[in-house]
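> Please work out how this folds:
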Amino acid sequence: MNTFLLEIVTPEHLVYSKQVNSLTVKGADGDLGILPGHIPLVTPLQVAPMFIKADGATVTIAVHGGFVEVHKDKVTVLAESAELPTEIDVERAEAAKERAQRRLQSRSKQDEIDHRRAELALQRAVTRIKVSTGKGQQ
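Numbering: from 1, shown residues only. Modelled structure (predicted):
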């Protein structure tokens, strides 16, 4: 099977760089599967698990927004943040999830910006939990 180079980069560091067989991300319009030879494109990413197939195994990474850029032999993910399952503190993610849910439930004349921030915090926490516990598997 053919492969392509996948690089996942955040403002802080290079998270992942390897030849892979396929990549599945959640773009602006839903799930997007990328195989070797995919047409070039750039699309924004949602907060969601990303699935990488390489060497007969699947790696799941928590991606928190950004863009994916597809070229002929290389795919670059420019993420706001990205975490491997081993880097995720599940207890901290669970606490963040609970805080965000409480903020969303107490919507008494709260500012729209605060509501959106709580929704994003909840999405990030749920994504981290799914990736770290293996429940985000494809």
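
> Show the pLDDT at the residue nearest to F4 when sequence neighbours are not counted.
In space, F4 comes closest to P36 once its chain neighbours are excluded; the distance is 4.9 Å by C-beta to C-beta, 6 or more residues apart in numbering. To be clear about C-beta, it is placed using only N, CA and C from the backbone, and glycine gets the same treatment. On the pLDDT scale, P36 is placed at 94.

> cool, the one 3 residues further on as well?
The confidence metric pLDDT takes the value 94 at I39.

> what's the helix or strand for the residue nearest to F4?
Using DSSP states H and E, P36 sits in no helix or strand.

> Likewise for A100?
helix 90-105.

> Now stretch 89-100: buried residues?
By neighbour count with 16 or more other C-beta atoms under 10 Å, stretch 89-100 contains the buried residues 93, 96-97, 100.

> Could you export the residues you listed as a markdown table, including pLDDT and distance to V131?
What follows is the buried residues of stretch 89-100, written out as a markdown table (pLDDT from 0 to 100; distance: C-beta to C-beta, whole Å):
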| residue | pLDDT | distance to V131 |
| --- | --- | --- |
| A93 | 77 | 9 |
| A96 | 78 | 14 |
| K97 | 78 | 13 |
| A100 | 78 | 17 |
